[in-house]
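Colleague: curious how this folds, go ahead:
(one chain, ligands or ions: 1)
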Amino acid sequence: MSEKNLRPNSVYISTPINVLVEGYYEQNITIGEVRTHGDFGLGTFNDLDGEMVVLDGVVYQVAADGTVVVVADDILTPFACVTFYQPETFDEINEAAMISRGQVSHLPYETFNSLLERLLPSPNMLYAIRIDGRFSHVRTRSVPKQENYRPLVEATKDQVVFDFYDIAGTLSGFYTPPFMPSLNAPGYHLHFISDDRRQGGHLLSCAIQSARIGMQHIPLLEVALPVTLDYLTADLSRDTRKDLQKAEQE
Ligand SMILES: [Zn+2]
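Modeller: Residues are numbered from 1 along each chain as shown. Down below sits the predicted model:
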């Protein structure tokens, strides 16, 4: 039995997300360190250089030019959120079930969101969520490399939006209770990667044809605080909730 199985699983956050929202894009946490805390999750890279997808222990970078690469352990991240994924429940969405509900070809994003909400036993718990499926449409974004200290809400104005049609892939991410907005994006935060690992990004919306939704509740949170001059001297007293919502959902 490895060490990770001897202690209870937690959601690990490498840096509180409000630090990222305030424009601090250079921390000293390596991908290698992140991988000791989980094999599943999401994040970004130093200088806000693209979107991170962590799936089955592999860390992928979706760059703003749309390319996807596997990331080496010595690369740094200013924000990552991972866990060791051990799903407890599965729910299937398929065409037959949708037709019986009167939704002919796909599950629209609003319906998908409310379905996910119904699957949560409690809104006050952390959940890891993995959705493997076929999508009639997936809209994602990635962000090009940024100057340090440029606020996230400004940086994401440079985001590049991708539309993928009729694509198989996986959404990986978390549900975070709404009262933790300084730690992670509240509600659902999902990143996408295609089955061929050539396309992906931060999910903006999707329409599902068929999917298998795996969920795991995780009653423990581990938040690392960076030991960098930037972090130690930052003014983090501002309520970043509105900025975060704008940066993550639009
Ligand atoms: Zn994201």
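
Colleague: from the rest of the structure, what touches stretch 11-19?
Modeller: Applying C-beta atoms under 8 Å, 6 or more residues apart in numbering, the contact partners of stretch 11-19 are 27, 29, 33-34, 37-38, 43, 77-83, 126, 128, 174, 181-185, 218, 220-226, 231, 234, 236, 238, 240, 244. C-betas here are computed from N, CA, C, even on glycine.

Colleague: list the buried residues in the longest strand along the chain.
Modeller: Taking DSSP state E as the criterion, the chain has its longest strand at strand 200-218. Buried positions in strand 200-218, judged by neighbour count with 16 or more other C-beta atoms under 10 Å: 200-204, 206-211, 213-216, 218.

Colleague: tell me the SS of Ser172?
Modeller: Here Ser172 is recorded as strand under DSSP: H, G, I helix; E, B strand; the rest coil.

Colleague: now it: how far from Gly38?
Modeller: In this view, Ser172 and Gly38 are 11 Å apart by C-beta to C-beta, to the nearest Å.

Colleague: using CSV, list the CA coordinates for the longest strand of the chain.
Modeller: C-alpha atoms of strand 200-218 as CSV (Å, rounded to 0.1, in the frame of the first residue of the first chain):
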residue,chain,number,x,y,z
GLY,A,200,-9.1,21.0,-24.5
GLY,A,201,-9.3,24.0,-22.2
HIS,A,202,-11.3,25.6,-19.4
LEU,A,203,-15.0,24.6,-19.9
LEU,A,204,-17.4,27.5,-20.8
SER,A,205,-20.3,25.4,-22.0
CYS,A,206,-21.1,22.0,-23.5
ALA,A,207,-24.0,20.0,-25.0
ILE,A,208,-23.8,16.3,-24.1
GLN,A,209,-24.9,13.4,-26.3
SER,A,210,-24.0,10.7,-23.9
ALA,A,211,-21.9,10.6,-20.8
ARG,A,212,-20.9,8.8,-17.7
ILE,A,213,-20.6,11.1,-14.7
GLY,A,214,-18.4,9.8,-11.8
MET,A,215,-18.4,11.6,-8.5
GLN,A,216,-16.5,11.4,-5.3
HIS,A,217,-17.3,13.4,-2.1
ILE,A,218,-14.1,14.6,-0.3
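
Colleague: which elements pack onto it?
Modeller: Packing partners of strand 200-218 (3 or more C-beta pairs under 8 Å, 6 or more residues apart in numbering; DSSP states H and E): strand 51-55, strand 58-62, strand 89-93, helix 109-119, strand 126-142, strand 160-176, strand 187-194.

Colleague: now render these as a markdown table, adding mean neighbour count.
Modeller: Shown next, in a markdown table, are those (neighbours: other C-beta atoms under 10 Å):
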| stretch | mean neighbour count |
| --- | --- |
| strand 51-55 | 26 |
| strand 58-62 | 22 |
| strand 89-93 | 14 |
| helix 109-119 | 14 |
| strand 126-142 | 21 |
| strand 160-176 | 19 |
| strand 187-194 | 22 |
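
Colleague: and those as CSV, adding distance to Val68 and mean pLDDT?
Modeller: What follows is those, written out as CSV (distance: least, C-beta to C-beta, whole Å; pLDDT from 0 to 100):
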stretch, distance to Val68, mean pLDDT
strand 51-55, 8, 98
strand 58-62, 5, 98
strand 89-93, 25, 89
helix 109-119, 23, 84
strand 126-142, 10, 96
strand 160-176, 11, 97
strand 187-194, 7, 96
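
Colleague: same list, the ones you listed, but as TSV with distance to Gly23 please.
Modeller: Shown next, in TSV, are the helices and strands packed on strand 200-218 (distance: least, C-beta to C-beta, whole Å):
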stretch	distance to Gly23
strand 51-55	17
strand 58-62	20
strand 89-93	38
helix 109-119	29
strand 126-142	18
strand 160-176	19
strand 187-194	19
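
Colleague: what part of this structure, helix or strand, is modelled with the least confidence?
Modeller: When each helix and strand of the chain is scored by mean pLDDT, DSSP states H and E, helix 95-100 comes last, with a mean of 61.
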